[in-house]
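A.B. asks: Predicted model follows, preceded by the sequence.
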Amino acid sequence: MTTTPARLTVLAGPTAVGKGTVSADLRARYPQVWLSVSATTRAPRPGEVDGVHYHFVSPGRFDAMIVDGELLEWAVVHGRNRYGTPRGPVDERLAAGEPALLEIDLQGARQVRATMPEARFVFLAPPSWEELERRLVGRGTEDADERERRLATARVELAAESEFDHVIVNDDVHRATDELIQVIGLPTR
C-alpha cells in the first residue's frame, strides 16, 4: 500500500462532463477524501440542498466573501452566476493532513494554480463533443438558451486541456474514478 502526503486535487472540466458523478463515485469508495462545497449565487436546482451541494448565497453575501478574502477562487460562470471555493475549510483539511478535492471550473482552476501550484490539476474530458451535448440535454436542468451558453463555455474549456497535469476521459464513470484514484495516490483496495 502506498500513501502520499495530503495534497489538494483540483478536478475541472466542461459543463455536463460528469465532474459531480465522478466525485460522488470517488467519495463513495473513499469517504475520507473531503470534497469542498462551493458557494454560488445561482438558485438551487430541484433536489439540491444548501450546504451539501452548494452554499447558496445572495450576490451581496458573495461580494462580502470576496472583499473579506474568504474565497480561494471565484468566477462568473457561463456569463451569469458566480461560484467560488471557501478558503477556510480547504486550509483546515490540508493542515490536518487530509486529502481534499475541489470540483471547479476552468477559471477557478487557473486561480488555484496561481496561489497553490503544488496542487494536482486534473481535467475531466468527455469522450466526444456529441456525448457532451447529449449529457447536457439529457440532464434536463437548463433551458435552450442556458444550454447554448454552457456549450459555448465548454468549447473554450476544452481548448484548455493542456494546462492540466492529468487528463482523464470520462467514457465510463467507474473507470474514470479508478484513474482519478491513481492520480490522487489513494491506496488501492
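C.D. replies: Done, it's in.
A.B. asks: Tell me which residues touch Val76, please.
C.D. replies: Val76 sits next to Arg82, Gln107 when contact means CB atoms under 8 Å, 6 or more residues apart in numbering. From N, CA and C alone the C-beta is placed, and that goes for glycine too.
A.B. asks: can you rerun that using 6 Å?
C.D. replies: Counting by CB atoms under 6 Å, 6 or more residues apart in numbering, Val76 makes contact with Arg82.
A.B. asks: Give the buried residues for the helix or strand harbouring it.
C.D. replies: In this structure, Val76 sits in strand 71-77 according to DSSP states H and E. By 16 or more other CB atoms under 10 Å, the buried positions in strand 71-77 come out as Leu71, Leu72, Glu73, Trp74, Ala75, Val77.
A.B. asks: And for stretch 87-101?
C.D. replies: For stretch 87-101, by 16+ other CB under 10 Å, it's Arg87, Val90, Arg93, Leu94, Pro99, Ala100, Leu101.
A.B. asks: Closest one to Gly185 out of the residues you listed, please.
C.D. replies: Relative to Gly185, the closest of the buried residues of stretch 87-101 is Pro99; by CB to CB it sits at 8.5 Å.
A.B. asks: Near the nearest residue to that closest one once chain neighbours are set aside, how many other residues are there?
C.D. replies: Distances taken as CB to CB, 6 or more residues apart in numbering put Val33 closest to Pro99, at 4.8 Å, once the chain neighbours are dropped. Close neighbours of Val33, defined as other CB atoms under 10 Å, add up to 20.
A.B. asks: Double-check Val33 against Leu102; I have them as touching.
C.D. replies: No. Contact between Val33 and Leu102 fails when scored by CB atoms under 6 Å: they sit 11.3 Å apart.
A.B. asks: Pick out the most distant pair among the buried residues of stretch 87-101.
C.D. replies: Arg87 and Pro99 (17.4 Å).
A.B. asks: Now the residue nearest to the spatial centre of the chain: which helix or strand?
C.D. replies: Closest residue to the average C-alpha location of the chain: Glu103 at 1.6 Å, with CA atoms, centre = their mean. Using DSSP H and E, Glu103 falls within strand 100-104.
A.B. asks: Break down this structure into its helices, ranges please.
C.D. replies: Under the criterion DSSP state H, the chain contains helices at 19-29, 59-67, 87-95, 106-115, 129-139, 144-158, 173-184.
A.B. asks: average pLDDT across the fifth one?
C.D. replies: For helix 129-139, the mean pLDDT works out to 84.
A.B. asks: for the chain, where's the lowest mean pLDDT among helices and strands?
C.D. replies: helix 129-139 (a mean of 84; mean pLDDT, DSSP states H and E).
A.B. asks: Which phi and psi values does Ala119 adopt?
C.D. replies: phi -70, psi 160 (degrees, to the nearest 10).
A.B. asks: who's in contact with the residue nearest to it when sequence neighbours are not counted?
C.D. replies: Take Ala119 and drop its neighbours on the chain: the residue closest to it by CB to CB, 6+ apart is Leu8, 4.0 Å away. By CB under 6 Å, 6+ apart, Leu8 lies in contact with Ala100, Met116, Ala119.
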